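# Please work out how this folds:
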Amino acid sequence: MRLRISHSTTYTFDPPVTGLIQVMRLTPSNHDGQYVASWRIDTSADARLNMHRDAFGNVTHVLTHGALPELTIDVSGTVDTQDTGSILKGTEERFPPGLFLRSTPLTESDEALMALARDLRAEAGSSLDFCHALLLRLHREMTFDTDPTHPGTTAADAFALKRGVCQDYAHIFVACARSGGVPARYISGHFRRADGVVEQEAGHAWAEAHIEGLGWVGFDPANGISTTDSHVRVALGLDYLGAAPIRGTRYGGAKETLSVAIRVDQASRQSQS
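Got it, this is the predicted structure:
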């Protein structure tokens, strides 16, 4: 299907910042099942966006600016997707799968996560069975809730709460998969909801696990499904910090207010409205 995506992020600074650096991972790449038909990034600041690919191959833009009271970053584009049975092919893989067994502070397993991984691993007949069982367990036992967690919440803390957002689900899946000996990584992107809701308050996140004989396979524990043509894959990392849509540093500006508006819909439906 063809998906149309718009993503607007506005920062307001009080007082104005004296300097700002923003690192943006907002641009998807082409691979089997995903073709970027058009994509554009606009900013309210008169500044050049320096583009490069980071260590994982993510398309990255860097914005540097001086004094500024407000900054808006607008992203829009269309992406053609096909269902590949959740198996990822045609990507540039810069590291061996074993790198994604590496734990990070956000994905470190505590005893509860290790116990869950041990129990599911013992019951599973294969790594693929293990990952599917983990997917369903997290979707069943966790409650989607935007209040109790934040970008710095660890997988262990979110699992203890049994609540969180898609970032937390992905971190828990990654932590447990790695604990069970399966390389796993964090993915940021967009998701077309099946319930018809197109206005969203945030982007989406899920996980990929490396299965021997298949390669990288996508698992979306927040929705309890494997990835489909409703997912648009943007960036990957060991955790959220390596795949965050926007991260930055500011100088001055004691108070920062952030607003985000995202729309994900089928292009054909938008053109008829």
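# how many other residues sit next to the residue nearest to K89 when sequence neighbours are not counted?
Using C-beta to C-beta, 6 or more residues apart in numbering and skipping residues adjacent in sequence, the residue nearest K89 is D32, 4.1 Å away. For glycine as for every other residue, the C-beta is placed from the backbone atoms N, C-alpha and C. By the criterion of other C-beta atoms under 10 Å, D32 has 12 neighbours.
# Surely D32 and T84 touch.
Yes: counting by C-beta atoms under 8 Å, D32 touches T84, with 6.0 Å between them.
# Tell me who's in contact with the residue nearest to K89.
Contacts of D32 were listed using C-beta atoms under 8 Å, 6 or more residues apart in numbering, and they are 82, 84, 88-90.
# Report the mean confidence score over stretch 168-183.
For stretch 168-183, mean pLDDT rounds to 98.
# Tabulate the CA atom coordinates of that stretch in PDB.
Output of stretch 168-183 as PDB, limited to C-alpha atoms (Å, rounded to 0.1, in the frame of the first residue of the first chain):
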ATOM      1  CA  ASP A 168       8.900   0.300  26.600                       C
ATOM      2  CA  TYR A 169       7.400  -2.800  24.900                       C
ATOM      3  CA  ALA A 170      10.300  -2.700  22.400                       C
ATOM      4  CA  HIS A 171      12.900  -2.400  25.100                       C
ATOM      5  CA  ILE A 172      11.500  -5.300  27.100                       C
ATOM      6  CA  PHE A 173      11.300  -7.500  24.000                       C
ATOM      7  CA  VAL A 174      14.900  -6.600  23.100                       C
ATOM      8  CA  ALA A 175      16.200  -7.300  26.600                       C
ATOM      9  CA  CYS A 176      14.400 -10.700  26.900                       C
ATOM     10  CA  ALA A 177      15.500 -11.800  23.400                       C
ATOM     11  CA  ARG A 178      19.100 -11.000  24.100                       C
ATOM     12  CA  SER A 179      18.800 -12.700  27.500                       C
ATOM     13  CA  GLY A 180      17.600 -15.800  25.600                       C
ATOM     14  CA  GLY A 181      20.500 -15.700  23.200                       C
ATOM     15  CA  VAL A 182      18.700 -14.100  20.200                       C
ATOM     16  CA  PRO A 183      20.200 -10.900  18.700                       C
END
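# Just the buried residues of it, please?
Buried residues in stretch 168-183, counted by 16 or more other C-beta atoms under 10 Å: 168-180, 182-183.
# tell me the phi and psi of the residue nearest to K89?
Backbone geometry at D32, expressed as degrees, to the nearest 10, gives phi -60, psi 130.
# now do A133
The phi/psi pair for A133 (degrees, to the nearest 10) is phi -70, psi -40.
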